[in-house]
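Asks: my questions are about this predicted structure, shown below with the sequence.
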Amino acid sequence: MSNQEKRKSKFVSESIVTMTELVLPNHTNQLGNLLGGQLMHWIDICAALASSKHSQKVCVTASVDRIDFHHPIKLGNVVTLVASVNRAFKTSMEVGVKVFTESHIEGTRIHSNTAYLTFVSVDENGKPVETLEIVPETEDEKRRFDEALKRRKTRLENRSNNS
């Protein structure tokens, strides 16, 4: 058994993934704004990479919490997505993604979106498998760790109410 297989936990900082994308014409609507679906696609990829980096397994999207669009993201803007695992459960993980929008021409950078997604670690047959525990170190990581449990309870309650 390798050292990685013996390991039962990882720090939040070990799951961080940063992606940078340039908004090109094929990413925009008729108003020159980034398509919401394109941003959701980038968010899903970034979160999948963070969950896989943490669990060392293939991870699949189980749910996406609400995504609010506070500011339009324009053609030519640079979009930076930063994802990390907020909390790990038995087979699932909540991943938080912060989206920043930059205009290099205007010299601006804003936090444009936040999203929370749940991913499940799977084996080669697509069956859920246990994932590693996550260890928050900073105050911000500890806050997100605690808030993730509250969001999970809400998600599970909503799922049982919709059944």
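Replies: Perfect, I can see it now. Numbers count the residues shown, from 1 in each chain.
Asks: from here on, contacts and neighbour counts on C-alpha atoms
Replies: OK.
Asks: longest helix of this protein?
Replies: Criterion DSSP state H: the longest helix present in the chain is helix 139-161.
Asks: list the buried residues in that helix.
Replies: Applying a neighbour-count criterion of 16 or more other Cα atoms under 10 Å, one finds 141, 142, 144, 145, 148, 149, 152, 155 buried in helix 139-161.
Asks: and it, what other elements does it pack with?
Replies: Counting by 3 or more Cα pairs under 8 Å, 6 or more residues apart in numbering; DSSP states H and E, the packing neighbours recorded for helix 139-161 are strand 78-88.
Asks: repeat that for 10 Å
Replies: strand 78-88, strand 92-103, strand 108-122, strand 133-135 (3 or more Cα pairs under 10 Å, 6 or more residues apart in numbering; DSSP states H and E).
Asks: for residue 97, see how far away residue 77 is.
Replies: 18 Å (Cα to Cα, to the nearest Å).
Asks: on that earlier part again, now what about the longest helix of the chain, what contacts it?
Replies: 11-13, 63-65, 84-89, 93-96, 116, 118, 134-136, 138, 162 (Cα atoms under 10 Å, 6 or more residues apart in numbering).
Asks: of the residues you listed, grab the buried ones for PyMOL.
Replies: To isolate the buried members of those in PyMOL, using 16+ other Cα under 10 Å:
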select buried, resi 11+12+13+64+84+85+86+87+88+93+94+95+96+116+118+134+135+136
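Asks: phi and psi next, for the residue nearest to residue 7 when sequence neighbours are not counted.
Replies: Closest residue in space to residue 7, ignoring its immediate chain neighbours: residue 132 at 7.9 Å, by Cα to Cα, 6 or more residues apart in numbering. With angles defined as degrees, to the nearest 10, residue 132 sits at phi -80, psi 150.
Asks: contacts only, for residue 132.
Replies: 5, 7-11, 54-56, 88-93, 121.
Asks: again, only this time at 8 Å
Replies: 7, 8, 9, 10, 54, 55, 88 (Cα atoms under 8 Å, 6 or more residues apart in numbering).
Asks: okay if I get the residues you listed as TSV plus pLDDT and distance to residue 73?
Replies: TSV is the format used below for the contacts of residue 132 (pLDDT from 0 to 100; distance: Cα to Cα, whole Å):
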residue	pLDDT	distance to residue 73
7	72	41
8	90	40
9	94	37
10	96	34
54	97	30
55	96	32
88	97	31
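Asks: please pull out the lowest mean pLDDT helix or strand from this structure.
Replies: helix 3-6 (a mean of 52; mean pLDDT, DSSP states H and E).
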